[in-house]
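Student: generate coordinates for the sequence data below:
(3 chains)
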Amino acid sequence: MSETFEPLIVGFTCNWCSYRAADLAGISRKKYAPNVRLIRLMCSGRLDPTFVLKAFAGGADGVLVSGCHPGECHYLEQNYKMLRRYTLLKRMLAQMGIEPERLRLVWASAAEGNKFADEVTAMTEEIRVLGPLNWNGIDHARQRSEKLRSAERPPSAPEKTEKKAKPAAVAARPAGPPAGKKPATPPGGLKPPGPGKPKPAPPPGAAEVKSVPAQPATPGEVES
Amino acid sequence: MRKISIDPITRLEGHGKIDIFLDDEGDVANAYFIVPELRGFEQFCVGRPAEEMPRITTRICGVCPEAHHMAAAKALDALFHVEPTPVAHKVRELFYMAFFVTDHTTHFYALGGPDFILGPDARPAERNILGVIHKVGLDVGKQVIDTRMRNHHVIRKMGGRGVHPVAAMPGGWSKPITEEDRAEFEEIARKNVDFALFSLKVFNDVVLGNPAYLEMVLSDSYTDRTYSMGLVDEKNRVNFYDGQVRVVDPDGEEFVKYHPVEYTSHIEEHVEPWTYLKFPYLKAVGWKGFVAGKDSGVYIATPLSRLNVSDGMATPLAQEAFEKMYDTFGQGKTPSGRNRPVHHRLATHWARLIELLYASERMLELATDPEITDPNVRAPVTETPDEGVGCVEAPRGTLTHHYWTDEKGILTRVNLIVGTTNNYAPMAMSVKKAASSFIKKGNVSNGILNRVEMAFRSYDPCFGCATHSLPGQMPLEIVIRNPKGEVIERLSQNVA
Amino acid sequence: MSKPTFAMYWAASCGGCEISVLNIGDRLLAVDEAFDVVFWPVAADFKYDDVRGYPDGYIDVCLFNGSIRNSENEEIAHLLRRKSKVLVAFGSCAMAGGIPALSNLTTNEETLRAAYLDNVSTYNPDRVVPQPNTTVPDGEPHIPVLYETARSLDQVVDVDYYMPGCPPEPHQIWAVLETFIQGKPLPKRGSVIGAGEVAVCHECPLQKDEKTIERFYRPYEVTPEPGRCLLEQGIVCLGAATRSGCGALCPQVNMGCRGCYGPVDDIGDQGAKILAAIASVMDGVKPGKTDHEIEQDVEAGIETIADPAGTFYRFGLAHSVLRRARKNGRTNGTATRLEIHHEENQY
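Tutor: Numbering: from 1, shown residues only, chains lettered A, B, ... in the order given. Take a look at the predicted model:
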């Protein structure tokens, strides 16, 4: 069964400009690709590179970062810091094998609803061509579409959860680490938002979620 | 076909095991000295900035990180086409001599020494540094620890850290020596000379003065006639820091002398599927397998070989000791007047102490050099990097680093031939020879096993072991299996 | 009354941790008095079978250094976990992957090719590559399977304590051993011991002022002003994102910190932290330029940092969020794998 790959893009937007741009696109009934899951930060300068890494590690195929235009940051200069972080991060990700097109920066003021929407659509198509990232060899794209299909089925046919589904492409492992050991992920990550459920924006100032391991919950399932 | 497995071999750096296969008569058919690890420095350094190599390659070996640090520094000099200032060379060499002193000390007293000073049949519980101390006195133990500590102090002062130094730069060193430091280093060097002389005396009294040990040293079981390799200065004297590579044949005539940058014309490496480590050999002679002699490309790169290839030592006391060693072995001279090389592997312990003396004397020379506190320890880097080879003598053998970079100095390719690697084939041969000599008709005992281990220990394989004292039960177990893998006999000593 | 038992083991390591233990000097005699060494391949002749024969929990303290890179490392990690009461991930490699984990930026295929097949000093016309199992005329030697990805110890077994450093400094090692010897209470299980609780900057004696860095320099391009913070002078130093405890040794010889004492705390990813910090303290954005010009200026400044991944993750790649570089390049939706004999299906 062949399916069009639907990229999942995590979008970090800032409270004062780009999130409002996304709002404006919505209010304007502007049609654009539904593939982005927005997370609202108070400022794009709040973007810790760890957020981006966790997004990719957790199944995102692309990450969008959007903030006020240079010189217009509500907090004066923080979007410059974000710009530097983004630039350096992009280079580092390329060294890790993540194509530069998967991390995208969009400057969008509150009035630029159309621009925001168009960029999301463009990015979605670019990533569709690149293909899924499937970090650690887990076929996140297929897991997402299976979950969608299972959500569409009538409730009488119970389906396996996404945690148990093992992608066919992953070969069987030999004696692995003992069950019950924790993967050594530092706490503080974000789960990739499930499809169809827009993630509520975190309360202002509390962008760091504590103690939620971002890796797939079953220890040892991570594969490269 | 019965197999005896010693796993892991102990008192050396890294991992290793020996698989000994017996034939139907119970004699040794073959012995495999297996290195079961690979970390892949040659690949994962690609993409790193070249100037980080002195800090990354130290992690190849934590016992001789200073050697890698130095080889990397010299490779960077060549890569960036920069000639270090004269004082930079002296500062580096001073640092390097302190390292040689501590490393050779560690090996002789804690690793090789016990086998010798106490004898191969000594009770395992005694055959360690504690036994050495009992035999020669508690003072000696403290002296050994002090020697290590004061020279590691020098390493830390000059290199930044006690293990894995960081100060080497292309064109020099990151920090000069103050006068205060220099005075301290001079004192330390003087103590080193005394200690080296003392150690030679220990060897003379305890080993050479004992007929049984002397016989062991001279026995054929530990002898293989191979080529020898080492770095020499312009007068063909031993030099650890710089020089040309000289190789002499088993009879002692110079076979070749070349600048380290030409190493690929002279050395090649052979791969076997049963081990991760490769076997270097002389390209011009060729790989003929694990055999000795003039027709086999196998060569040693050890303290013994360094003395074999040289015409003398560059410092007076070491020169005296050098002459004494060759006179003792009484092999005479070659037609061209060189000392005939010594091939008795256990003599490496003696050669190591002579080098200890040389390193101490050289350290004193440098510490009293009026230029050594000159602050100009860095030559500026102005050229575009492309390719460079750096070569030094590590305590365990000739060490070569070879880097290629792009025009920004990011590594595109790396090749390393590490000290112990040179000796891999000779070690394997020594182990097999010892095993064949001592294991007959399937009789394996604990003393016999130790004699087999002594065969590799004289090479000080990549690790000068702990000065740590051992309650030393030395539990050993030998498992003998039939071809089906069923256990038919189990020999053990001190196994709980 | 028998003495407590002590073991020290090296997995994919260099031996530097062992040397650092030796460098506690004559306090070694105190350690020897206090403990019975029951396994320490560098120093004593106990073999693997001896350890297999010990009862579970027989070893009171086990210092385990080295990362988990092959099947033997993993096997012995499990073995020592069973046989030890207290298992310490000793040194950067066991704690977070260390230098061997730089191999996670490449692949086994590339590594084997560089060592055996495409090597300028190797003559290998039959293209022999070491195999876990071989048959020779005399029998069948075995060598361990090489894993694609180096892991930290806690990614394989439960770890009781962590001691960071490459290697841990001797005075810290002694402080920890003394705690054991004197029977003092140990901190909470899972803690980092033998190290500080702040960043290296706090123990670094170099003078710190305002940071306005327009660009970075490669260490050989500049001579730093003595006594002044290296980062401020445009020399990459990871001290701001590294746990204290070493005494800030490297900056004191004018060389930037490379992060071997690991992250300051458990939160976040050390490489990401230093990336954020460095990007934050850079400056040089000039007003009055267009968005695009600003982006270009920033890019020019960032370009002066060579090798972000290999520098920011020098010692901690196994503990990073991503853990390794992507193995297969672009995928088309299925994780295609390069089939080489060292296939092991760990990440």
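
Student: what's the closest non-adjacent residue to the residue in the stretch 151-300 of chain B positioned nearest to chain A?
Tutor: In the stretch 151-300 of chain B, the residue found nearest to chain A is residue B:276; the distance is 19.9 Å by CB to the nearest CB. Placement of C-beta: from N, CA and C, glycine included. Excluding its sequence neighbours, the residue lying closest to residue B:276 (CB to CB, 6 or more residues apart in numbering or on different chains) is residue B:38, at 4.1 Å.

Student: please, which helix or strand holds that neighbour?
Tutor: No secondary structure element spans residue B:38, as it lies outside all helices and strands (assigned by DSSP states H and E).

Student: and the closest residue to residue C:312 other than its chain neighbours, what are its phi and psi?
Tutor: Residue nearest to residue C:312 in three dimensions, not counting chain neighbours: residue C:271, with 3.7 Å by CB to CB, 6+ apart. Geometry field for residue C:271 lists phi and psi as phi -60, psi -40, criterion degrees, to the nearest 10.

Student: pull the contacting residues for residue C:271.
Tutor: By CB atoms under 8 Å, 6 or more residues apart in numbering or on different chains, residue C:271 lies in contact with A:92, C:309, C:312-313, C:316-317, C:320.

Student: for residue B:188, same thing?
Tutor: By CB under 8 Å, 6+ apart, the contact list for residue B:188 reads B:98, B:150-151, B:153-154, B:363, B:367.

Student: so for it, what's the pLDDT?
Tutor: At residue B:188, the model reports a pLDDT of 98.

Student: just for chain B, where's the confidence low?
Tutor: Counting by pLDDT under 70, chain B contains low-confidence residues at B:1, B:11, B:123-131, B:133-134, B:446, B:462-496.

Student: which one is the residue nearest the centre of it nearest to, not counting chain neighbours?
Tutor: The residue at the geometric middle of chain B, judged as the C-alpha nearest the mean C-alpha position with CA atoms, centre = their mean, is residue B:396 (1.3 Å). Of all residues beyond its chain neighbours, the one nearest residue B:396 is residue B:419 (3.8 Å), with distances taken as CB to CB, 6+ apart.

Student: show me where chain A has its helices.
Tutor: In chain order, chain A shows helices spanning A:18-27, A:49-58, A:78-95, A:113-130, A:140-152, with DSSP state H as the criterion.

Student: now the angle from the fourth one to helix A:18-27?
Tutor: Spelled out, that is helix A:113-130. For the pair helix A:113-130 and helix A:18-27, the angle between their directions (axes from the mean of the first three to the mean of the last three CA atoms, to 10 degrees) equals 90 degrees.

Student: does chain C have contacts with helix A:113-130?
Tutor: Yes. Using CB under 8 Å from any CB of the partner chain, helix A:113-130 reaches chain C at residue A:130.

Student: find the closest residue to chain C in chain A.
Tutor: Across chain A, no residue is closer to chain C than residue A:97, which sits at 2.9 Å (CB to the nearest CB).

Student: the closest residue to that residue other than its chain neighbours: neighbouring residues, count only.
Tutor: In space, residue A:97 comes closest to residue C:326 once its chain neighbours are excluded; the distance is 2.9 Å by CB to CB, 6+ apart. The number of residues packed near residue C:326 is 21, by other CB atoms under 10 Å in any protein chain shown.

Student: tell me the secondary structure at residue C:326.
Tutor: Assigned state for residue C:326: coil (three-state reduction, DSSP: H, G, I helix; E, B strand; the rest coil).

Student: re the thing from before, got the contact list for the residue nearest to residue B:276?
Tutor: Residues B:276, C:70, C:111, C:115, C:130, C:146 are the ones in contact with residue B:38 under the rule CB under 8 Å, 6+ apart.

Student: and the closest residue to chain A within chain C, what is it in contact with?
Tutor: Among the residues of chain C, residue C:326 lies closest to chain A, at 2.9 Å counting by CB to the nearest CB. By CB under 8 Å, 6+ apart, residue C:326 lies in contact with A:96-98, A:133, A:135, A:224.

Student: max pairwise distance over those: which two?
Tutor: Using CB to CB, the contacts of residue C:326 span at most 13.3 Å, a distance reached by A:98 and A:224.

Student: and the residue of chain A that's closest to chain B?
Tutor: Closest contact between chain A and chain B, by CB to the nearest CB, is at residue A:95 (7.1 Å).

Student: for that residue, the count of nearby residues, please.
Tutor: Neighbouring residues of residue A:95 were enumerated by other CB under 10 Å; the total is 15.

Student: over to residue B:186?
Tutor: The burial count assigned to residue B:186 is 16, neighbours taken as other CB under 10 Å.

Student: thanks again, I'm all set now.
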